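> sharing a model that was predicted from the sequence below.
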Amino acid sequence: FTEGTSFLGEDEIKEAYYAFSHLRCEEQMWDCEGKEVDEFVIKKLLTRYDNFFKNRRIGKDLFITLRVPNPMVEKSEAKILLETLESAPRSYDTANLFYGDDNIPPIFEVILPMTTNTESINRVYYYYRDFVVGKQHKKCFENDITIKEWIGEFKPDTLEVIPLFEDIPYMLSADTMVQNYLQDKQFPYQRVFLGRSDPALNYGMLPAILVAKITLQRLHALQERIKIPIYPILGLGSNLFRGNLTPMNVTECLNEFSSVQTFTIQSAFKYDYDEGLVRKAIETMNNHTRTVPTTIDEEIALDITERLASAYREQIKELAPLINEIARFVPRRRMRKLHIGLFGYSRNVEGITLPRVISFCASLYSIGLPPELLGLHCLTEKDLSFLKVAYPSFLDDISLVASYYNKDVTKLISPKITKNLEKVIGLAKYTENLLHSEYTTQIIQSTLSRKEDTITENMIAAGKIRSFLG
């Protein structure tokens with residue numbers, strides 16, 4: 001899709017078509033957040049790929065879902081939210097011209113990232129209903145025609161808002177926020193999006209997994225209580241730290257998160273495996289029917305989460321300068337403007353600034369230190385017994401990532417972190433990936449000697465062995 005090494009806006013139009021036509025995805029999230037957005041996405045898809053979309057109705061057979069900026073967090077992007085909401089009626093008109101007047105909106109949902117309260121969800125919902133659509137009944141001046149008579153009708157009447165919860169305290173109260181949001185509305189269903197990458201970045205891999213399971217359990221209980229289907233979306237990356245969803249282990253993910261309706265698939269999933277394998281994996285996901293979530297003891301899970309998150313953050317504080325130094329060499333694959341927010345969406349906590357999660361993972365993997373191993377030294381025998389039920393594949397998963405551990409990394413880290421890592425490595429049954437270690441050793445040596453010209457090249461080579469960069 002791209003002539004260079006990173007995706008630009010036009011490339012992402014081609015990518016959306018590829019996801020629909022070749023990979024058989026049913027929905028494409030269109031990111032209007034933190035980058036240059038093309039708000040004419042519907043028009044461009046329908047004009048460039050008209051033969052394909054003639055028989056596949058956007059809004060009925062295939063779906064484009066817009067991810068908008070959150071003005072409460074991304075102040076510099078705030079007005080992009082308004083522009084994006086204003087684009088929905090225009091996309092409706094474009095689709096109507098293309099398909100004929102059948103009243104099916106091509107865009108009827110938006111995703112609100114970094115949701116922290118019910119008010120922020122309501123704000124988007126009511127702004128669209130009352131201001132974007134509502135203005136059609138107003139006049140520009142007294143005795144004038146209405147805006148609707150002047151410009152035409154504004155449709156759809158409403159947009160459904162999908163809250164995206166990306167920080168653990170808000171994930172744990174997601175059920176309450178969603179219930180409050182729904183109390184004065186009559187929807188046939190509600191979708192709720194849970195992040196997996198940012199909670200892992202902020203608190204560690206295992207806390208992110210346990211909290212996702214608790215949240216899914218609570219959302220299922222809400223569904224039973226209010227008798228409205230709640231359809232969770234789970235945002236998973238390819239490495240274990242960010243979600244462990246690859247074409248090779250789709251069935252395991254579907255079983256691990258059995259109540260999830262929609263899984264996101266990211267670049268490594270789409271492009272680092274054979275296309276036929278990817279298509280088959282997506283077909284498996286599309287044909288899957290969700291069930292009830294696996295039951296988890298919340299009290300024990302939250303106790304483990306608290307202890308491990310504290311240990312993880314202590315290690316990250318110490319490792320942050322090293323991570324930021326290595327992150328300079330991670331190649332950028334998608335154009336993104338600087339993010340602000342959680343850790344804190346330029347990822348700042350307790351005075352520590354971290355790169356975005358993909359660069360964070362790529363940096364640590366590139367020096368032979370899988371981020372999944374951080375914070376786990378606090379696990380007790382009692383915790384491990386609990387995990388056998390709550391997360392049965394835990395030791396197998398840790399053993400897999402441990403194969404990318406390179407002992408040479410101890411030249412870059414403190415004796416204390418080394419000792420803690422050795423304790424975690426002791427839990428794993430693994431064989432070191434020697435070819436991967438060859439590249440990571442070169443990166444470690446380049447970092448120590450300040451001879452940095454081959455670091456990016458070696459990062460990419462190591463990433464190819466793993467089938468993901470970060």
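Nice, I can see it.

> next up, the contacts around residue 87.
Residues near residue 87 by Cβ atoms under 8 Å, 6 or more residues apart in numbering: 39, 40, 107. Glycine gets a C-beta too; all of them are placed from N, C-alpha and C.

> please tell me how far the residue of the chain positioned farthest from its centre sits from residue 203.
Distance from the C-alpha centroid of the chain peaks at residue 143, with 49.9 Å (Cα atoms, centre = their mean). Distance from residue 143 to residue 203, counting by Cβ to Cβ, to the nearest Å: 60 Å.

> okay, the contacts of residue 87 in CSV with pLDDT next?
Putting these into CSV (pLDDT from 0 to 100) gives the following:
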residue, pLDDT
39, 72
40, 87
107, 98
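
> with just CA atoms, put stretch 165-174 into CSV.
Coordinates of the C-alpha atoms in stretch 165-174 are reproduced here as CSV (Å, rounded to 0.1, in the frame of the first residue of the first chain):
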residue,chain,number,x,y,z
PHE,A,165,-11.6,2.3,28.3
GLU,A,166,-7.8,2.3,28.4
ASP,A,167,-6.8,2.8,32.0
ILE,A,168,-7.4,0.2,34.8
PRO,A,169,-9.4,2.4,37.2
TYR,A,170,-11.9,3.3,34.5
MET,A,171,-12.0,-0.3,33.1
LEU,A,172,-13.1,-1.4,36.5
SER,A,173,-15.9,1.1,36.6
ALA,A,174,-16.9,0.6,32.9
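
> list the contacts of it.
Here stretch 165-174 has contacts from 113-116, 163, 177, 192-195, 198-199, 202-203, 207-208, 211-212, 214-215, 218-219, 305, 309, 342, using Cβ under 8 Å, 6+ apart.

> rerun at 7 Å
Applying Cβ atoms under 7 Å, 6 or more residues apart in numbering, the contact partners of stretch 165-174 are 113-116, 192, 194-195, 198-199, 202-203, 207, 211, 214-215, 219, 342.

> please apply the same query to stretch 128-143.
Contacting residues not belonging to stretch 128-143 are listed as 85, 86, 89, 145, 146, 147, 148, 153, 154, 157, 158, 159 [Cβ under 7 Å, 6+ apart].

> let me know the closest of the contacts of residue 87 to residue 256.
Of all the contacts of residue 87, residue 256 sits closest to residue 107, with 31.2 Å by Cβ to Cβ.

> secondary structure class for the closest residue to residue 108 other than its chain neighbours?
What sits nearest to residue 108 in space, not counting adjacent residues and going by Cβ to Cβ, 6 or more residues apart in numbering, is residue 156, at 5.5 Å. Secondary structure assignment for residue 156 (DSSP: H, G, I helix; E, B strand; the rest coil): coil.

> what sits against residue 156?
Per Cβ under 7 Å, 6+ apart, neighbours of residue 156: 88, 92, 105, 108.

> farthest pair in the contacts of stretch 128-143?
Pairwise over those, using Cβ to Cβ, the maximum falls at 145 and 159, 26.1 Å.

> all helices of the stretch 201-350 of the chain, in order?
Here the stretch 201-350 of the chain has its helices, by DSSP state H, counting those that start in this stretch, at 205-226, 250-256, 267-271, 275-287, 298-327.

> other residues contacting the third one?
When contacts are defined by Cβ under 7 Å, 6+ apart, helix 267-271 is touched by residues 23, 238, 245, 246, 247, 278, 333, 467, 468.

> isn't there a helix covering the first one?
No: according to three-state DSSP, the state of residue 23 is coil, so it is not within a helix.

> tally of neighbours for it?
17 (other Cβ atoms under 10 Å).

> mind checking the backbone torsions on it?
Backbone torsions of residue 23, given as degrees, to the nearest 10, read phi -90, psi -20.

> ok, now which ones touch the most centrally placed residue in the chain?
Nearest to the mean C-alpha position of the chain, by Cα atoms, centre = their mean, lies residue 235 at 3.9 Å. Counting by Cβ under 7 Å, 6+ apart, residue 235 makes contact with 193, 194, 195, 196, 197, 264.

> counting neighbours, which of the residues you listed comes out on top?
residue 195 (29 neighbours).

> what are the phi and psi values for that residue?
Backbone torsions of residue 195, given as degrees, to the nearest 10, read phi -80, psi 150.

> the closest residue to it other than its chain neighbours: how many residues sit nearby?
Spatially, and ignoring its direct neighbours in sequence, residue 195 is nearest to residue 166 (3.7 Å; Cβ to Cβ, 6+ apart). By other Cβ under 10 Å, 26 other residues sit near residue 166.

> let me know the pLDDT of residue 166.
Looking at residue 166, its pLDDT stands at 95.

> again, but for residue 76
86.

> over to residue 89?
If you check residue 89, the pLDDT there is 97.

> my read: it touches residue 157, true?
No: look at residue 89 against residue 157 with Cβ atoms under 7 Å: they stay out of range, at 10.0 Å.

> which of these two has more residues huddled nearby?
Ranked by neighbour count (other Cβ under 10 Å), residue 89 and residue 157 place residue 89 first, with 21 against 12.

> with adjacent residues omitted, what lies nearest to the more buried one?
What sits nearest to residue 89 in space, not counting adjacent residues and going by Cβ to Cβ, 6+ apart, is residue 154, at 4.4 Å.

> ok, the one you found to residue 79 distance?
Following Cβ to Cβ, the distance that separates residue 154 from residue 79 is 19 Å.

> just residue 228 next, same as before
Residue 228 sits 33 Å away from residue 79, going by Cβ to Cβ.

> which one of these two has more residues nearby?
Shown here are residue 228 and residue 79; by other Cβ under 10 Å, residue 228 has more neighbours (16 against 11).

> next, the contact list for that one, please.
Listed by Cβ under 7 Å, 6+ apart, the contact partners of residue 228 are 182, 187, 189, 190.

> circling back to that earlier point, more neighbours: which of residue 145 and residue 159?
More crowded of residue 145 and residue 159, by other Cβ under 10 Å: residue 159, with 23 against 10.

> and that one, what are its phi and psi?
phi -120, psi 140.

> where does the chain dip in pLDDT?
1-9, 33-38, 333-350 (pLDDT under 70).

> give me the domain ranges for it.
Per automatic domain parsing, the domain ranges recorded for the chain read 9-287, 308-466.

> to residue 301, which of the ones you listed lies closest?
Closest of the domains of the chain to residue 301 is domain 9-287, at 4.3 Å (criterion: Cβ to Cβ).

> hang on, the earlier thing: among the contacts of residue 235, which one lies nearest to residue 323?
The shortest gap between residue 323 and any of those belongs to residue 197, at 15.2 Å (Cβ to Cβ).

> would you confirm that the closest one contacts residue 237?
Yes: the criterion here is Cβ under 7 Å, and residue 197 meets it with residue 237 at 5.7 Å.

> check contacts around residue 294.
Applying Cβ under 7 Å, 6+ apart, one finds that residue 294 lies in contact with 213, 258.

> quick check: it vs residue 160, distance?
According to Cβ to Cβ, residue 294 stands 28 Å off from residue 160.
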